[in-house]
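> could you look at this predicted model? Sequence included:
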Amino acid sequence: MLNSNKFFQFISGFVAFGFTVLQGLDWLFQKYSIDSQYFNYIIIILVFAFLISISILYTKSKKSKSQKSNLSNRKSKLIRIANVLFTGLLIVLFVYFFRKSESKDKLITEFLPKISIAFDNNDINYVFKKSKELLDKYPDNEILKSFYIKSSWKINVDSDLEDTSVYIKFGRDSLWNYVGKTPIDSIRVPGLGFSENDFNLKLIKDDIEYFGSDEEYGFFEISFSKELPNGFILKKSKRDIFMNMPGIFLGSNNRIPAYGVSLTEVSNEEYKSFVDAGGYNNPDYWDFPIEIEGKKYSFDDGKLLFTDKFGKLGPKNWSYGEYPEEDIRLPVNGISWFEARAYAKYKELSLPNIYQWLDAAQLSGFTAKLPELKNSNFNSTKLKDIDFQSSNINLLPNIAGNVREWVVNSHGNDRYSILGGAYNTNEYTFNSFYSLSPFNRSDQNGIRLVKNFDNKIPSNDDFIIEHIERNFKSEVDVSDEVFDVYKSQFSYSKKPLDVKIEKIEVLDKGYSAERFEFSTPYKSDEKIYGYIIYSNQFKSKSIPIIEFPSARAIFSNEIPTPNSEIKGKKYLLDEGYSVIIPAYYNTYDREKPLKDWWPNETEEYKEAIIKIGKDYKRVIDYLETRKDLNFSKLSYMGYSWGSVTSNILLAIDDRVTSAAIFVGGLMLQKSRKEIESHFYIRRIKIPILHIVGKLDGIFEYEDSFLPWNDLIGTPKENKEIIILDKIGHGLPNDVVIKNQLKFLKKYNYISKN
């Protein structure tokens, strides 16, 4: 039969027919998400149809042998080969579509459920990688696309050198993946959260190889690499960048031109070249004459203040212009700001300004947590070599600890900035602002240098830092009568709520969500609105917990969806609590006169806080009317901005019976006296849970939390204070859940039905 021309015609026709049918059905099944099991049934039917047709053809061919005898041997051989090839092609076609169908079935039954579970467990790294990998195979699968988008965000990359090659590695990976050549408009990277690095970039052009810092993207001026001194690395320019330190707010739209920064602090050996070159006797290097604290200093007067143990010119702890031989690789220390500046000029370099230093130390942007500092040189008794670096730290060597590093900026009052903390201080001083007299020669003082390009002095060098230093305990409290006047700012005439309630459909049918809306207690075209979420498994009244959001509510224009809130609050809902998520004034899609959360002394800030307070009280008015809530046990919760805002809110309404707050304290910035938080927290008496991290990059432990802890009016026996040593602004979720539930059980106990 294989010699048959009819068989050739049949098999070739069946291949064309089968391919067309299967290709069309494949598209149809994919478009309408039809179970692939039925597709396999169709393949099996086609196989049986083929076998039956072959049998019939074979039977007919036996009855007519004339065709076979009339064919030439050569033609017969060609037909046989063609028939074998087309038969094999048909088998491959069936196997291909069957395996493709099975593969889709595996996608639905195995991969997508795994991805969904990983997403629910916040394993974003797995979700991103797996969905990205599977999209190469299933580019039109909408569910995969959704997970890929939800687990990632977009970046762009460009360079000042054309056709620069771009490589990327994601998260914890060590493998570099080639992306393409600049400019590249859109690369998706994983969104792993505050605690993990999402990606790193590498740019290569000819002999230039540039490694980006964690999550660094945008425009890179890699051509400057050729101008870097030995031992320096290039830092790209940045625009519209948020920057702050505890007690200092530098704004949210800062610009930092590209610069180079030394990998290490300046060593004794390097500084010795300056001493030996007569640097102390060259007035060109020194900022004299100058007037400090009302006294004028000439160059000759000033240099006499900078001598060693035996009166010779040089660092404070040297002897006769020499350092101990064994200290050759230690950072130079015991030097003043003037000496640091003079050495920088001698090297034709600069001291960093505060913007450059914060950027080099990875403290620019929204610093939710200080970089990993494990095994950095803090809490020590001695200095370490300039190139010491723990493998656990992804920072420039010793920029955290070892010696504090002089910064060029003045703090005013003839004081200059010095940052980074020293070997004999605590880890949290890495993010603390310090300023000293420019004559100060503490053993903690050292230098790191920067290279500014185009011989231009950055305007940021002239910026005078405004750092707020407050001793809250020394600030006199107001009388109760005066405070009552302050508190009355949040009062309003009670009017009918006229509330509108709408049931919201949620994905998890074990829970319910309602949207409420009513008028503000002040003149406004806006409405107060929000959600209540609760579990359906409880028959008795639930205990309400009113939430105040983090500062994300300022920067976001959309209130979180009930579905996302249910997912994040299950640990409360499943214990019989209901959670209330209002949209307060200045949050989400409501009017926002405030662009950040830092207090200030303007009337605008005061009015915003008063409206927020009135909204808060009005929502409580509404909760009091609901018969399905155990209102007498109303509790409060707030994280970050929600924590510091509680300093006022918990004092203006005594209907809240307990509060769980996370990462907060007293903010150092001043506001109008009548809304100063420290007056309010003295009047708070309810039980409070407060969990903080010592390495918080937003609310400093010593300046923010400790004063709060001293002044809060809650009796000591009702204060649940948890301090985490190695944690920053982002608290471990398990710690929050465990301690909040324990706290609520103690002060807001309910029994489940």
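Happy to help now that I have it.

> and what about Ser671, helix, strand or coil?
Classification of Ser671 using DSSP: H, G, I helix; E, B strand; the rest coil returns coil.

> list the contacts for the nearest residue to it once chain neighbours are set aside?
Once flanking residues are discounted, Ser671 sits nearest to Pro599: 4.0 Å by CB to CB, 6 or more residues apart in numbering. Heads up, the C-betas are built off the backbone N, CA and C, glycines and all. Shown in contact with Pro599 (CB atoms under 8 Å, 6 or more residues apart in numbering): 605, 667, 669-671, 677.

> end to end, how far does stretch 695-712 reach?
22 Å (CA to CA, to the nearest Å).

> repeat for stretch 411-427
Stretch 411-427: ends 23 Å apart by CA to CA.

> list the buried residues of it.
For stretch 411-427, a neighbour-count test (16 or more other CB atoms under 10 Å) marks 411, 414-427 as buried.

> now do that stretch, average pLDDT.
For stretch 411-427, mean pLDDT rounds to 87.

> same question for stretch 508-518.
Stretch 508-518 comes out at a mean pLDDT of 96.

> now do stretch 248-262: distance from first to last residue.
First-to-last residue span, stretch 248-262, CA to CA: 25 Å.

> meant to ask about stretch 293-301
Where stretch 293-301 begins and where it ends lie 15 Å apart, using CA to CA.

> so how far is stretch 480-496 from its chain's centroid?
39 Å (CA atoms, centre = their mean, to the nearest Å).

> from Leu436, how far out is the closest residue to Glu469 other than its chain neighbours?
Spatial nearest neighbour of Glu469, excluding adjacent residues (CB to CB, 6+ apart): Gly247 at 6.8 Å. The gap separating Gly247 from Leu436 is 16 Å, by CB to CB, to the nearest Å.

> quick one: contacts of the helix or strand hosting Gln356?
Assigned by DSSP states H and E, Gln356 falls within helix 354-360. Outside helix 354-360, the residues within contact range by CB under 8 Å, 6+ apart are 235, 238, 241, 243, 245, 250, 254, 256, 259, 261, 352, 364, 396, 399, 405, 407, 409, 417, 419-420, 448, 450, 458, 460, 463, 465.

> quick one: which of those residues sit in helices?
Among the contacts of helix 354-360, DSSP state H puts none in helices.

> need the contact list for the closest residue in space to Lys309 that isn't next to it in sequence.
Excluding the flanking residues, the one nearest Lys309 by CB to CB, 6+ apart is Ser319, at 5.2 Å. Counting by CB under 8 Å, 6+ apart, Ser319 touches 308-310, 312.

> coming back round to it: widest-spaced pair of the buried residues of stretch 411-427?
Distance extremes for the buried residues of stretch 411-427: the farthest pair is Asp414 and Glu427 at 29.7 Å, using CB to CB.

> Asp480: neighbour count?
When neighbours are counted by other CB atoms under 10 Å, Asp480 registers 9.

> contacts only, for it.
Contacts for Asp480 (CB under 8 Å, 6+ apart) come out as none.

> quick one, phi/psi of it?
phi -60, psi -30 (degrees, to the nearest 10).

> could you report the pLDDT at it?
96.

> cool, the one 3 residues further on as well?
pLDDT for Phe483: 97.

> quick one, strands of the stretch 551-700 of the chain?
577-583, 635-639, 658-662, 688-693 (DSSP state E, counting those that start in this stretch).

> got a markdown table for those strands, with mean pLDDT, distance to Arg626 and mean neighbour count too?
A markdown table is the format used below for the strands of the stretch 551-700 of the chain (pLDDT from 0 to 100; distance: least, CB to CB, whole Å; neighbours: other CB atoms under 10 Å):
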| stretch | mean pLDDT | distance to Arg626 | mean neighbour count |
| --- | --- | --- | --- |
| strand 577-583 | 97 | 9 | 24 |
| strand 635-639 | 97 | 15 | 24 |
| strand 658-662 | 97 | 19 | 25 |
| strand 688-693 | 96 | 25 | 25 |
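
> which one of the ones you listed lies closest to Ser524?
Ser524 sits nearest to strand 577-583 of all these, at 12.7 Å, using CB to CB.

> give me the sheet partners of the closest one and which way each runs.
strand 527-535 (antiparallel), strand 543-548 (parallel) (DSSP bridges).

> looking at this structure, which helix or strand is least sure?
helix 66-70 (a mean of 48; mean pLDDT, DSSP states H and E).
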